[in-house]
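Asks: From the sequence below, what's the structure:
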Amino acid sequence: MPGDLRDGRIVIVGASLAGLRAAEALREEGFTGSLTVVGDEPHPPYDRPPLSKQVLLGQATADTTGLPMRRDPDADWRLGVRATGVDLLGKQVLLEDGESLPYDRLLIATGTRARPWPNPEEAALDGVFTLRTREDAGGLAQHLAAGPQRVLVIGGGFTGSEIASACRERGLDVTVAERGPAPLVGALGGTLSKLAAVMQRNHGVDLRTGVTVTALHGNGSFTGAELSDGSRVDADVCVVALGAIRNVEWLAESGLAAGPRGIACDAGCRAFNMYGIVTDDVFVAGDVSRFPHPLFGYQMLSLEHWGNAVEQAEVAAHNMVNPGPLQRPHLAVPSFWSTQFGLNIKSVGVPTYSDHVVIAQGSLEARRLAMVYGYQGRVTAAVTVDMAKSLDYYRHLIETAAPFPPPAGAQDRAIAADIPIPSDVPDPKGLSHGPTVALTGHLPDRRLMVV
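Replies: Residues are numbered from 1 along each chain as shown. Model prediction:
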């Protein structure tokens, strides 16, 4: 590693949101050396949230979702080529075309990919989609625009629910199949998931809960599916929304603590090796990372959030070009949002890190509310439905470890009037959809991540 951290060779593997923002931040931090960005997709970095919203609604095309550059990072872009390994001792990134890229510091930001339907023959039927890439969104949007008789969505998480919402907004019949008791239950717990279920059914969704899809049918083209309760759904289009897989397989022989739940790193985004020893020259950012957070018991967090990717990329970039005493931790409170079925849902904190909830503002009946989550007597999260202006207040409660139930403040009702009830967060193993926020224990070893 060069003596001047603002010089030398930096390689970023992952040319999506986190990779782009890290490249920009490196230049803003004064890095003047060689910067190479590797991405397995042939496109420049693009924004993924619009793929399940504007693109499916026909309000934008998939090729117009490119991410704006805040500044030119003056990088060598290696797009359409996959990284196949890392030689930590030789300090090289191995590419599928046989080339090796030497580095002084490496940032891994390879993100996630959609979990495919487990039967490859059924997954290959025309009309069966996942939704992660520009190509996925473009193909699905074309099928929706053609006016299918029915769309089957497998999985009731945020992606599946947003797809179902887009279908109903287009006037299409849609069935959602979810193994858990309600949509969004893995992210929001039992109380708010009941509201999500009511909203879907009120908007005409054929919501099937407590069931799994056992087989997809078709002769070249998808025609329907069998469910575990013995029923059948006839449909022309199927969207598999079973959560995400972190892109870590290429690191299997690297010696890094990389497993199905991501690559473990410290609060400064420095990667751990498989023995729990922190590296000095390998950093991690974005959906593929797994990092400790003091507000949530120092458990390792895995997040699939747009805001987290941006914030973590900037912290990683800062720490890559600054010496130890000047490095800073990634302590941002997780937040995300979703718009579906006419509702604006926003979350701050980790709702799944909770044992009780209380409605601090509004009501379920009004479908406009702020729900506060607590764990062992302190506030750990809040979710608002069409009440986003209150979220900053609850963010402050989380950051200051305020007592739960929350003190007087933004709420419009006496908390004492509402008795906290169990948050009813289910075991993710009993859900079709994967959680967008996952607490994964304290140890950075590979064995823990396989659980």
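
Asks: Quick check: pLDDT value at the most centrally placed residue in the chain.
Replies: Centroid-nearest residue in the chain: Glu304, 1.8 Å away (criterion: C-alpha atoms, centre = their mean). Model confidence at Glu304, given as pLDDT, is 91.

Asks: And for Gly434?
Replies: 67.

Asks: Ok, the one 5 residues further on next?
Replies: Each residue has a pLDDT score; the one for Leu439 is 70.

Asks: The longest helix belonging to the chain: which residues count as buried?
Replies: Longest helix in the chain by number of residues (criterion: DSSP state H): helix 185-202. Within helix 185-202, the residues that count as buried by 16 or more other C-beta atoms under 10 Å are 185-197, 199-200. (C-beta placed from N, C-alpha, C; glycine too.)

Asks: what do you get for stretch 147-164?
Replies: For stretch 147-164, by 16+ other C-beta under 10 Å, it's 148, 150-164.

Asks: in the stretch 101-250 of the chain, which spans are strands?
Replies: Secondary structure of the stretch 101-250 of the chain (DSSP state E, counting those that start in this stretch): strands located at 105-108, 112-114, 128-129, 151-154, 174-178, 206-209, 213-218, 222-227, 232-234, 237-240, 244-246.

Asks: Select, out of the ones you listed, the one closest to Val358.
Replies: Among the strands of the stretch 101-250 of the chain, strand 206-209 comes nearest to Val358, with 25.0 Å by C-beta to C-beta.

Asks: circling back: kindly present the strands of the stretch 101-250 of the chain as JSON lines, with separate columns for distance to Val385 and mean pLDDT.
Replies: Putting these into JSON lines (distance: least, C-beta to C-beta, whole Å; pLDDT from 0 to 100) gives the following:
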{"stretch": "strand 105-108", "distance to Val385": "36", "mean pLDDT": "98"}
{"stretch": "strand 112-114", "distance to Val385": "26", "mean pLDDT": "96"}
{"stretch": "strand 128-129", "distance to Val385": "29", "mean pLDDT": "98"}
{"stretch": "strand 151-154", "distance to Val385": "21", "mean pLDDT": "98"}
{"stretch": "strand 174-178", "distance to Val385": "19", "mean pLDDT": "98"}
{"stretch": "strand 206-209", "distance to Val385": "18", "mean pLDDT": "98"}
{"stretch": "strand 213-218", "distance to Val385": "29", "mean pLDDT": "98"}
{"stretch": "strand 222-227", "distance to Val385": "30", "mean pLDDT": "98"}
{"stretch": "strand 232-234", "distance to Val385": "29", "mean pLDDT": "98"}
{"stretch": "strand 237-240", "distance to Val385": "24", "mean pLDDT": "98"}
{"stretch": "strand 244-246", "distance to Val385": "24", "mean pLDDT": "95"}
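
Asks: right, so of those, which gets closest to Glu365?
Replies: Closest to Glu365 of these, according to C-beta to C-beta: strand 206-209, at 19.8 Å.

Asks: The closest one pairs with which strands, and in what direction?
Replies: strand 174-178 (parallel) (DSSP bridges).

Asks: Give me the residues contacting the partner strand.
Replies: Contact with strand 174-178 is made by 150-156, 160-161, 164, 167-168, 183, 200, 204-213, 225, 227, 233, 235, 431-433, as judged by C-beta atoms under 8 Å, 6 or more residues apart in numbering.

Asks: how much does that strand deviate in direction from strand 222-227?
Replies: With axes from the mean of the first three to the mean of the last three C-alpha atoms, to 10 degrees defining the directions, strand 174-178 sits at 40 degrees from strand 222-227.

Asks: just for the stretch 151-300 of the chain, where's the confidence low?
Replies: For the stretch 151-300 of the chain, no stretch has pLDDT under 70.

Asks: Spatially nearest residue to Cys265 (excluding sequence neighbours)?
Replies: Val284 (4.3 Å; C-beta to C-beta, 6 or more residues apart in numbering).

Asks: which residues does the one you found form a beta bridge with?
Replies: Bridge pairing for Val284 - DSSP bridges - gives Ile108.

Asks: check contacts around it.
Replies: Leu107, Ile108, Ala109, Gly262, Ile263, Cys265, Cys269, Arg270, Ala271, Arg290, Phe291, Ala316.

Asks: Quick check: strands, which of those are part of them?
Replies: Counting by DSSP state E, the part of the contacts of Val284 found in strands is Leu107, Ile108, Gly262, Ile263, Arg270, Ala271, Arg290, Phe291.

Asks: which residue sits closest to the last one, ignoring its sequence neighbours?
Replies: Translated: Phe291. Cys265 (5.2 Å).

Asks: residues contacting the one you found?
Replies: Residues counted as contacts of Cys265 (C-beta under 8 Å, 6+ apart) are Ala271, Phe272, Val278, Phe283, Val284, Ser289, Arg290, Phe291, Pro444.

Asks: just those now: which is nearest Asp4?
Replies: Phe283 (17.8 Å).

Asks: What about the closest one, how many residues nearby?
Replies: 29 (other C-beta atoms under 10 Å).

Asks: What separation do you get for it and Pro444?
Replies: 14 Å (C-beta to C-beta, to the nearest Å).

Asks: got a list of contacts for stretch 40-60?
Replies: Here stretch 40-60 has contacts from 15-17, 19-20, 39, 61-62, 65-67, 77, 79-83, 131-134, 136-138, 140-141, 144-145, 159, 162-163, 166-167, 169-170, 306, 339, using C-beta under 8 Å, 6+ apart.

Asks: what's the spacing between the closest residue to Ser228 other than its chain neighbours and Ala244?
Replies: Leaving aside its sequence neighbours, Ser228 sits nearest to Thr212 (C-beta to C-beta, 6+ apart; 4.6 Å). Distance, Thr212 to Ala244, by C-beta to C-beta: 19 Å.

Asks: quick one: which of these two has more around it?
Replies: With neighbours defined as other C-beta under 10 Å, Thr212 and Ala244 compare such that Ala244 has more, 23 against 14.

Asks: hey, what's the spatially closest residue to that one that is not a sequence neighbour bridged with?
Replies: Excluding the flanking residues, the one nearest Ala244 by C-beta to C-beta, 6+ apart is Thr112, at 3.7 Å. When bridges are called by DSSP bridges, Thr112 pairs up with Arg246.
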